[in-house]
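Participant: got a sequence here, can you model it:
(2 chains)
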Amino acid sequence: MIRAPGPRLVLALVLALGACHATPPPAGLRELVIGTEGAYPPWNFTRADGSLAGFEPEYLRVLCARLHRRCRLVPMDWDGMIGALQTGKIDLIADAVQITPERAAVLAFGRPYGLSTGLTATLRNGALADLPDRDALMDFDRQGPALDAMIARMRKALAGKVVGVALSGAFDTFLNQAIGPGVTVRYYRTMGERDLDLLNGRIDATIEDETYLRPLLATRDGAGLVLGGPRMIGGTMGRGEALAFRRGDNQLRGEFDRAIEATLADDTVRRLGLKWFRMDASPGRGH
Amino acid sequence: MNDELAFLAMTALAIARALPVTVLLSVAGALGSSGLAGVLVVAQATRLGRPIAQLWIFVFRGTPLLLQMFMVYYGLAALGPIRHGPLWPAFREPVFCAWLALTCCCSAYIAEVLRAALAAIPKGQIEAALACGMSRWTRVRRIIAPQMLRLALPAYGNELVMLIKSTSLASTITVVDVTGVAQLVIAHSYRTLEVFCLAAAVYLGLTAGLTALLRRLEAKLMEGPRR
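Facilitator: Here you go, the predicted structure:
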């Protein structure tokens, strides 16, 4: 079902792009354009004055300084972000992109700078406030009877319920493939709309990344929510967050990978995680 | 190439499965808004109903349908009497909210179409009917309604075509209609052009069918005076 655009299409796009920049400036001087959503707190969000803030805007400033490159973050909808990358409107994506097999088929992922699990959020007094396997690790990369039993328990608990997820978040594939037709899935284009419907009771639960849910629960509106169910990772849900590059853009990816490596070693990623997520979400620790 | 065909076939199948939602919204929206428009036209003939109907048309014709959808879906859900009242089972459902917004918006346009048709009937005919001693009901049935239908049909058909296309806005409030499925497929395949083209073809088919139907109806109505 999923495949990369045909070579002819890519060639045409590359040629079209080349025509746009008849005299490209030297690669080292050109400003890098980075796509982000600006609507996925605390990874990236838009302040009231229109400026971008969050883990990624701050982290990218560190990375770009290390690379001695000028960078510009542009906010755009997730819908069009991969298209924008493939057509050359942006050079890379920094939007807490989970490394899923589906996406790896069309994108080139850099070295992960985040690793976090998915959790279920429900209304405190809702029908699903007591999900089974609370805090157990549900690792889809470790197939076996234990995982199957966990999925079966989840399927039973969610039967007849409405679960809202972000459109093309990493979690809707899980709901459709593992949980199946017993659950009604609603798709939302933005996190904010999904949260509204969770709070007003239109949906019974949502599955979302812990790094998003923990800070949400700390807000006044989020006080009515509780987290539950197993911690989900691996398989179609992905393993870690990384920058996404055009396939074949190996030089840029290599540069960023070396910079990311350095920031993981000097504790920058852990420090920023504690600042923005109130938890360490750096890969290679915990989980 | 085979891969491409398989993808197109799979997408077409997924879109076909969502077709009933789009058709249902279109039909229910057409019935609801036409009925409401009828009420608005009648209300405009009464002293008390006139300002209310005019305000209704002013508000719903003057604001974007997308905004009305958000207002009904997210806005009204925040109000206590709706959220905790007896109407919540209906307002909880995105399809109902989409239908309500469509009905309110399109009723304003259709009411204006009907009002224009009513105004186009020559006053002399009404006077003649009165002179013949026709009752109010007979006047409506034999003089006003048949002519209104004929006069309003082209513009009314226009509104119905617009309505079919407007149902696509329901996908913004989580209704999985033809547009919603197209966006879902794109979200997982990252292929935009061919998916949107398929979805557009479905709308084109629907509006083409409606247009053909309206043509035949128009032709049939035109036979009347020649006989």
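Participant: name the nearest residue to A:Met76, ignoring sequence neighbours.
Facilitator: The shortest distance from A:Met76 to any non-neighbouring residue, by C-beta to C-beta, 6 or more residues apart in numbering or on different chains, is to A:Gly35 (5.5 Å). For the C-beta atoms, the positions are set from N, CA and C on the backbone; glycine is no exception.
Participant: that neighbour: how many residues sit nearby?
Facilitator: 24 (other C-beta atoms under 10 Å in any protein chain shown).
Participant: that one and chain B: what is the separation?
Facilitator: 14 Å (C-beta to the nearest C-beta, to the nearest Å).
Participant: right, and that residue touches A:Ala94 too?
Facilitator: Yes - in this structure A:Gly35 lies within contact range of A:Ala94 using C-beta atoms under 8 Å: 7.4 Å.
Participant: what touches both of those two?
Facilitator: Jointly contacting A:Gly35 and A:Ala94 under the rule C-beta atoms under 8 Å, 6 or more residues apart in numbering or on different chains are A:Leu73.
Participant: what does A:Val74 show for phi and psi?
Facilitator: Backbone torsions of A:Val74, given as degrees, to the nearest 10, read phi -120, psi 130.
Participant: low-confidence stretches in chain B?
Facilitator: Residues of chain B meeting the criterion pLDDT under 70: B:1, B:224-227.
Participant: quick check: longest helix of it.
Facilitator: Counting residues, the longest helix in chain B under DSSP state H turns out to be helix B:2-44.
Participant: follow-up on the earlier one: partners of the residue nearest to A:Met76 in the sheet?
Facilitator: Per DSSP bridges, the residues bridged to A:Gly35 are A:Val74, A:Ile93.
Participant: show me what contacts it?
Facilitator: By C-beta under 8 Å, 6+ apart, the contact set of A:Gly35 is A:73-74, A:76, A:81, A:84-85, A:89-90, A:92-95.
Participant: for A:Asn44, see how far away it is.
Facilitator: 10 Å (C-beta to C-beta, to the nearest Å).
Participant: count of residues packed around the closest residue to A:Gly240 other than its chain neighbours?
Facilitator: Sequence neighbours aside, A:Pro112 is the residue nearest to A:Gly240 in space, at 3.4 Å (criterion: C-beta to C-beta, 6+ apart). Burial of A:Pro112 is recorded as 21 neighbouring residues (other C-beta under 10 Å).
Participant: and A:Pro112, that's in a strand?
Facilitator: No - read with DSSP: H, G, I helix; E, B strand; the rest coil, A:Pro112 is coil and lies in no strand.
Participant: tell me the contacts of it?
Facilitator: Counting by C-beta under 8 Å, 6+ apart, A:Pro112 touches A:99, A:239-242, A:283.
Participant: again, only using 7 Å
Facilitator: A:99, A:240-242, A:283 (C-beta atoms under 7 Å, 6 or more residues apart in numbering or on different chains).
Participant: for the nearest residue to B:Leu76 once chain neighbours are set aside, which residues are in contact?
Facilitator: Take B:Leu76 and drop its neighbours on the chain: the residue closest to it by C-beta to C-beta, 6+ apart is B:Ile82, 4.8 Å away. Applying C-beta under 7 Å, 6+ apart, we find B:Ile82 in contact with B:76, B:88, B:91.
Participant: and the longest helix of chain B, what does it pack against?
Facilitator: For helix B:2-44, the packing partners by 3 or more C-beta pairs under 7 Å, 6 or more residues apart in numbering or on different chains; DSSP states H and E come out as helix B:49-62, helix B:94-120, helix B:145-166, helix B:178-189, helix B:193-226.
Participant: mind checking which of the ones you listed is nearest chain A?
Facilitator: Chain A lies closest to helix B:178-189 among the helices and strands packed on helix B:2-44, at 3.3 Å (C-beta to the nearest C-beta).
Participant: neighbours of the residue in the stretch 101-250 of chain A that chain B sits nearest to, how many?
Facilitator: Chain B sits closest to A:Ser168 of the stretch 101-250 of chain A, with a gap of 3.3 Å, by C-beta to the nearest C-beta. Number of residues near A:Ser168 (other C-beta under 10 Å) recorded here: 23.
Participant: separation between the closest residue to it other than its chain neighbours and A:Phe256?
Facilitator: Leaving out its chain neighbours, the residue that sits closest to A:Ser168 by C-beta to C-beta, 6+ apart is B:Ala187, at 3.3 Å. Using C-beta to C-beta, B:Ala187 is found at 25 Å from A:Phe256.
Participant: now swap in B:Leu36 and tell me
Facilitator: Distance, B:Leu36 to A:Phe256, using C-beta to C-beta: 58 Å.
Participant: which one's more surrounded, those two?
Facilitator: A:Phe256 (25 against 19).
Participant: residue contacts, that one?
Facilitator: Taking C-beta under 7 Å, 6+ apart as the test, what A:Phe256 contacts is A:63, A:110, A:243.
Participant: can you give me the distance of the first one to A:Asp249?
Facilitator: If you measure A:Leu63 against A:Asp249 using C-beta to C-beta, the figure is 16 Å.
Participant: try the last one
Facilitator: Shown here: A:Leu243 relative to A:Asp249, a distance of 11 Å by C-beta to C-beta.
Participant: what's the answer for A:Met81, then?
Facilitator: Distance of A:Met81 to A:Asp249, given as C-beta to C-beta: 15 Å.
Participant: so between those two, which is more surrounded?
Facilitator: Neighbour count, other C-beta under 10 Å: between A:Met81 and A:Asp249, A:Met81 has more, with 23 against 14.
Participant: so which strand or helix has that one?
Facilitator: Using DSSP states H and E, A:Met81 maps to helix A:78-86.
Participant: can that helix be found next to chain B?
Facilitator: Yes - judged by C-beta under 7 Å from any C-beta of the partner chain, helix A:78-86 and chain B are in contact via A:82-83.
Participant: pLDDT (mean, whole number) over that helix?
Facilitator: For helix A:78-86, mean pLDDT rounds to 89.
Participant: show me where the stretch 151-287 of chain A has strands.
Facilitator: Here the stretch 151-287 of chain A has its strands, by DSSP state E, counting those that start in this stretch, at A:162-166, A:184-188, A:205-209, A:225-233, A:241-245.
Participant: okay, the angle between the fourth one and strand A:205-209?
Facilitator: Using axes from the mean of the first three to the mean of the last three C-alpha atoms, to 10 degrees, the direction of strand A:225-233 lies 50 degrees away from that of strand A:205-209.
Participant: what strands flank strand A:225-233, and is each parallel or antiparallel?
Facilitator: Paired strands of strand A:225-233, with direction, are strand A:118-123 (antiparallel), strand A:137-139 (parallel) (DSSP bridges).
Participant: A:Leu217 - nearest residue in space that isn't next to it in sequence?
Facilitator: Closest residue to A:Leu217 in three dimensions, ignoring its sequence neighbours and counting by C-beta to C-beta, 6+ apart: A:Leu225, at 5.6 Å.
Participant: report pLDDT for that neighbour.
Facilitator: 94.
Participant: let me see the contact set for it.
Facilitator: By C-beta under 7 Å, 6+ apart, A:Leu225 lies in contact with A:121-124, A:217.
Participant: ok, now A:Arg231?
Facilitator: Applying C-beta under 7 Å, 6+ apart, the residues near A:Arg231 are A:117, A:119, A:135, A:137-138.
Participant: between those, which is closest to B:Trp56?
Facilitator: The closest of the contacts of A:Arg231 to B:Trp56 turns out to be A:Leu119 (C-beta to C-beta; 45.9 Å).
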